[in-house]
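Participant: Provided below are the primary sequence and the corresponding predicted coordinates.
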Amino acid sequence: MRGTKVPPRDTVLATTTDVQAGQLLFAQIGCATCHVHSIVTAPSRTVLNGGMWVVPDALGNKLIHPYSDFLLHDVGTGDGIVQGGPVDTINKLRTTPLWGLRTKTRFMHDLKSLSLADAINRHRDEARGVVDNFQEDLTPAQQHQVITFLNSLQGSGRQSSAKPVVGWWSLVVGKIPRGIGPSNPTAPVARM
């Protein structure tokens with residue numbers, strides 16, 4: 001397993017009022033239902049994959065901020081491949097973490113989206129209501145704030161050759177930290 005650190009967030013951009021407003025809007029329109037801000041990794045010494053791997057102390061019980069629930073969802077862009085489970089997973093895809101967006105120039109699982117706005121607008125099926133909220137309930141200025149928030153997750157804008165950590169989703173067992181939920185819209189609860 002090759003592991004690298006998650007590319008850092010652009011801390012200067014993250015402190016702007018547009019990003020802070022965009023983060024709230026991101027949660028309010030429903031993006032954070034699947035793109036969850038924070039999750040706690042599985043406890044140390046948890047046995048995974050039928051005993052093939054045990055979570056080491058260095059990775060156990062860590063608060064991570066992937067902007068993903070790591071679950072399968074049908075967002076209308078599935079590839080027709082069963083995802084290691086029952087047939088109903090044929091058009092479902094694992095929620096892509098939004099951390100480290102700066103390492104990408106194309107978005108969505110099929111890489112057909114060339115902008116973040118296009119990636120948002122391509123979500124359908126389970127995410128249709130969220131896209132409707134983005135398109136119909138937000139002003140163009142608010143839509144720009146959401147995009148600016150997403151850009152803050154990209155870091156400094158430099159391209160990176162870092163490869164993502166393989167199997168982070170294996171560590172996620174659905175534990176959501178206390179204080180995260182509707183009362184804290186910047187880090188809503190995932191459906192686990």
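Facilitator: That came through, no problem.

Participant: can you pull out the helices in this protein?
Facilitator: In the chain, the segments counted as helices under DSSP state H are 11-14, 17-28, 116-122, 128-132, 140-152, 168-171.

Participant: so can I have CSV of these showing mean neighbour count and distance to residue 94?
Facilitator: Glycine gets a C-beta too; all of them are placed from N, C-alpha and C. Rendered in CSV, the data for the helices of the chain read as follows (neighbours: other CB atoms under 10 Å; distance: least, CB to CB, whole Å):
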stretch, mean neighbour count, distance to residue 94
helix 11-14, 13, 26
helix 17-28, 19, 20
helix 116-122, 17, 15
helix 128-132, 15, 17
helix 140-152, 19, 19
helix 168-171, 19, 6
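
Participant: out of these, which comes closest to residue 46?
Facilitator: helix 168-171 (8.2 Å; CB to CB).

Participant: where are the low-confidence patches of this structure?
Facilitator: 1-4, 102, 154-192 (pLDDT under 70).

Participant: what residue in it is the furthest from its centre?
Facilitator: Summary for the chain: using CA atoms, centre = their mean, the residue whose C-alpha lies farthest from the chain's mean C-alpha position is residue 51, with a distance of 27.4 Å.

Participant: quick one: the closest residue to residue 61 other than its chain neighbours and residue 52, what's the gap?
Facilitator: Of all residues not flanking residue 61 in the chain, residue 43 sits nearest, at 5.4 Å (CB to CB, 6 or more residues apart in numbering). Relative to residue 52, residue 43 is positioned 17 Å away (criterion: CB to CB, to the nearest Å).

Participant: which one's more surrounded, those two?
Facilitator: Neighbour comparison, residue 43 and residue 52: the larger count goes to residue 43, with 13 against 8 (by other CB atoms under 10 Å).

Participant: I figured residue 80 hits residue 91, correct?
Facilitator: Yes. A contact is recorded between residue 80 and residue 91 when judged using CB atoms under 8 Å, the distance being 6.5 Å.

Participant: ok, the two, which is more surrounded?
Facilitator: Between residue 80 and residue 91, counted using other CB under 10 Å, the more crowded position is residue 91 (18 against 6).

Participant: show me what contacts the more buried one?
Facilitator: With contacts defined as CB atoms under 8 Å, 6 or more residues apart in numbering, residue 91 is in contact with 74, 76, 78-80, 125.

Participant: weed out the non-buried ones from the residues you listed.
Facilitator: With neighbours counted using 16 or more other CB atoms under 10 Å, those contain these buried positions: 74, 78.
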